[in-house]
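Visitor: sequence-free structure coming up:
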C-alpha cells in the first residue's frame with residue numbers, strides 16, 4: 001500500500017488516518033438515548049460517538065487509522081447507506097484526523113458566506129479541501145476544477161492557511177448516497193494530482209442554512225461572556241447567548257506560570273439567576289449556552305473563529321468577571337484589597353497610635369486603592385480611595401438599615417477618599433472597582449495591580465452537632 005498522499009491508496013504524510021462524520025437530521029439534544037444506541041449499532045465501527053454539526057444537529061463520528069481518502073470515503077458510503085435506511089441524514093464528511101482535531105467544523109470562509117445563494121431546487125453540495133503544502137500552479141487547480149465540473153457547477157474559494165476549497169453543486173440528485181458515489185469517482189483523478197484533506201457531501205438546504213448563520217453572526221468583537229459560578233474542575237467560560245452561532249470557535253487562556261491553553265466552545269446546559277449571573281449550582285433558569293473549561297485559575301485571553309480570526313479579550317472585562325467570580329465563591333467576611341502590587345505605605349512608626357490612618361500617611365503620596373467587603377445577604381461594600389485602605393473590623397456583617405446602590409461621600413471612613421457603596425449587584429460592585437483603576441492609571445495600573453484576600457475566621461466547632 002502506498003504511503004504517498006496521491007493515488008487510490010494514498011495516505012497523507014505522517015499517516016494520521018481519517019475521521020468520518022455522518023450528519024443526522026436531528027438536534028443532538030433531541031436525539032433520544034434509544035436512537036443514539038441504534039445509530040451506533042448501524043454504524044458498527046469501534047469508538048464511534050456523537051458530537052454536533054455546524055447547525056447543532058447530531059453527528060456520529062469515528063476514526064479510521066492507516067487509511068487514505070478513498071478507503072475512508074468508501075467506508076463512509078457504507079455507513080451512510082446503513083444509517084439512511086432508518087434515520088434522516090443531511091450529509092457525510094471525511095477528514096484527515098490530525099486536521100479534524102484542530103477544525104472539527106468545515107471552515108467555510110467569509111467569501112463563500114457572502115456569495116452563496118440558496119438554490120431554487122433541492123441539490124447536493126460537495127466541498128473538497130486540497131492541501132497546499134506543495135506549491136502548484138493555477139493551471140493545476142484549473143484541471144482539478146475541470147474534473148469536478150463533469151458533475152456540476154464548480155468554483156474555488158480560499159481556505160485557512162492558503163489551502164483550497166472546491167465547491168461543487170450537483171443538480172437533480174436521486175439520493176445522498178448516489179451523489180456521494182458520483183462525486184467520489186470524479187475525485188479519483190484529482191487525488192492523483194493533489195493531496196485531499198477532507199471531503200464533505202451535504203444537502204444544499206443545510207449548506208446554505210450554515211452560510212446564513214455565519215452571515216448573521218460573524219461578530220466583529222468578543223461575544224458577551226462571563227465565568228460560571230460554582231465550577232469545581234477548572235474555570236468555565238460561558239457565552240449565555242445560546243442562539244449565537246459559535247460552532248468551531250475556540251478560547252485561549254494563560255495560567256500564572258505563563259502556560260497557554262486552547263479549548264473549543266461547545267453547547268452545554270447551565271443556570272442563570274435573576275441577576276443574570278451564570279452558575280453551575282442550579283440557581284435560576286436552566287439555559288443552553290456556549291461553554292469552555294479553562295485549566296485551574298487560568299485567565300481568558302482571546303476568542304478565535306474557525307477561520308482563524310482572533311478577538312482579544314478586553315482585560316478590564318476579564319478583571320470584572322474575575323471579581324464577580326471571587327465574590328460569589330466566598331461568604332460574609334471576605335475582604336478583597338486591590339492596589340499597586342509593589343507599593344509599601346510610608347508610615348511613620350513613631351506617630352501616635354490614636355491617630356487615624358489618613359493622618360499618618362503622606363497626603364502627597366497618592367495611590368489608587370479599592371476594597372470589596374462581603375456582608376450578609378449577598379451585599380457587598382465597595383470602598384474606593386486615593387490612599388491605602390485599612391481592613392475594617394466590623395462588629396457584625398448585618399446589612400439592616402443600609403442604603404443600597406447609592407454612593408456615600410460623608411467621610412464615615414477616614415481612609416476612604418472617594419466614596420463607598422453598598423450593593424447586592426455583584427457585577428456593579430466589580431465594575432466599580434474596574435472603572436476606578438481604568439480611569440486612574442489605565443493599563444499601566446492594571447499591569448501593576450496586586451490583590452490580597454482576607455477571609456473571616458471561624459471559631460472551633462467541637463461543641464456543635466454538625467462538627
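Guide: Looks like it came in fine. Note that the structure is a prediction, hence the values are computed from the model and not measured.
Visitor: buried stuff in the helix or strand hosting residue 430?
Guide: Applying DSSP states H and E as the criterion places residue 430 in helix 426-439. Judged by neighbour count (16 or more other CB atoms under 10 Å), helix 426-439 contains these buried residues: 426-434, 436-438. From N, CA and C alone the C-beta is placed, and that goes for glycine too.
Visitor: just checking, what packs against it?
Guide: In terms of contacts (3 or more CB pairs under 8 Å, 6 or more residues apart in numbering; DSSP states H and E), helix 426-439 is packed against helix 315-329, strand 369-374, strand 380-385, strand 420-423, helix 442-447.
Visitor: what about the stretch 251-400 of the chain, any weak spots by pLDDT?
Guide: Where the stretch 251-400 of the chain drops to pLDDT under 70, the residues are 329, 342-365.
Visitor: Check the stretch 1-150 of the chain too.
Guide: In the predicted model, the stretch 1-150 of the chain carries pLDDT under 70 at residues 1-8, 108-121, 134-137.
Visitor: quick one, helices of it?
Guide: Residue ranges of the helices in the stretch 1-150 of the chain, as given by DSSP state H, counting those that start in this stretch, are 33-43, 69-84, 97-102, 110-115, 138-148.
Visitor: Look at the closest residue to residue 20 other than its chain neighbours and say how many residues are nearby.
Guide: With CB to CB, 6 or more residues apart in numbering as the criterion, residue 20 has its nearest non-adjacent residue at 4.6 Å, and that residue is residue 76. By other CB atoms under 10 Å, the residues close to residue 76 number 25.
Visitor: Quick check: residue 76 touching residue 43?
Guide: No. Taking CB atoms under 8 Å as the definition, residue 76 is not a contact partner of residue 43, at 10.4 Å.
Visitor: who touches both of the two?
Guide: Residues touching both residue 76 and residue 43 comprise residue 22, with contact defined as CB atoms under 8 Å, 6 or more residues apart in numbering.
Visitor: out of the helices of the stretch 1-150 of the chain, nearest to residue 400?
Guide: Nearest to residue 400, of all the helices of the stretch 1-150 of the chain, is helix 33-43, at 51.3 Å by CB to CB.
Visitor: what angle do that closest one and helix 69-84 make?
Guide: On the basis of axes from the mean of the first three to the mean of the last three CA atoms, to 10 degrees, helix 33-43 is oriented at 140 degrees to helix 69-84.
Visitor: Tell me the helices and strands packed up against helix 33-43.
Guide: strand 18-27, strand 57-64, helix 69-84.
Visitor: For residue 374, find the nearest of those.
Guide: strand 18-27 (41.1 Å).
Visitor: so how far is that closest one off the chain centroid?
Guide: In this view, strand 18-27 has its centroid 22 Å away from the chain centroid, taken as CA atoms, centre = their mean, to the nearest Å.
Visitor: so what are the domain limits for the protein?
Guide: Following automatic domain parsing, one finds the domains of the chain at 18-216, 226-313, 328-345+357-454.
Visitor: end-to-end on the last one?
Guide: This means domain 328-345+357-454. End-to-end distance for domain 328-345+357-454, by CA to CA, to the nearest Å: 15 Å.
Visitor: That domain: how far from the chain's middle?
Guide: When distances are taken as CA atoms, centre = their mean, domain 328-345+357-454 is centred 32 Å away from the chain's centroid.
Visitor: Tell me, how many residues neighbour residue 263?
Guide: 18.
Visitor: ok, now which ones touch it?
Guide: 250-251, 253, 292-294.
Visitor: Mind checking which of the residues you listed are in strands?
Guide: By the criterion of DSSP state E, membership of the contacts of residue 263 in strands covers 250-251, 253, 292-294.
Visitor: For those, which PyMOL command selects only the ones that are buried?
Guide: Command for PyMOL, covering only those of these found buried under the criterion 16+ other CB under 10 Å:
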select buried, resi 250+251+253+292+293+294
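Visitor: and the ones in strands among the contacts of residue 263 as JSON lines, adding distance to residue 184?
Guide: Written out in JSON lines, the entries for those read as follows (distance: CB to CB, whole Å):
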{"residue": "250", "distance to residue 184": "31"}
{"residue": "251", "distance to residue 184": "37"}
{"residue": "253", "distance to residue 184": "41"}
{"residue": "292", "distance to residue 184": "36"}
{"residue": "293", "distance to residue 184": "39"}
{"residue": "294", "distance to residue 184": "41"}
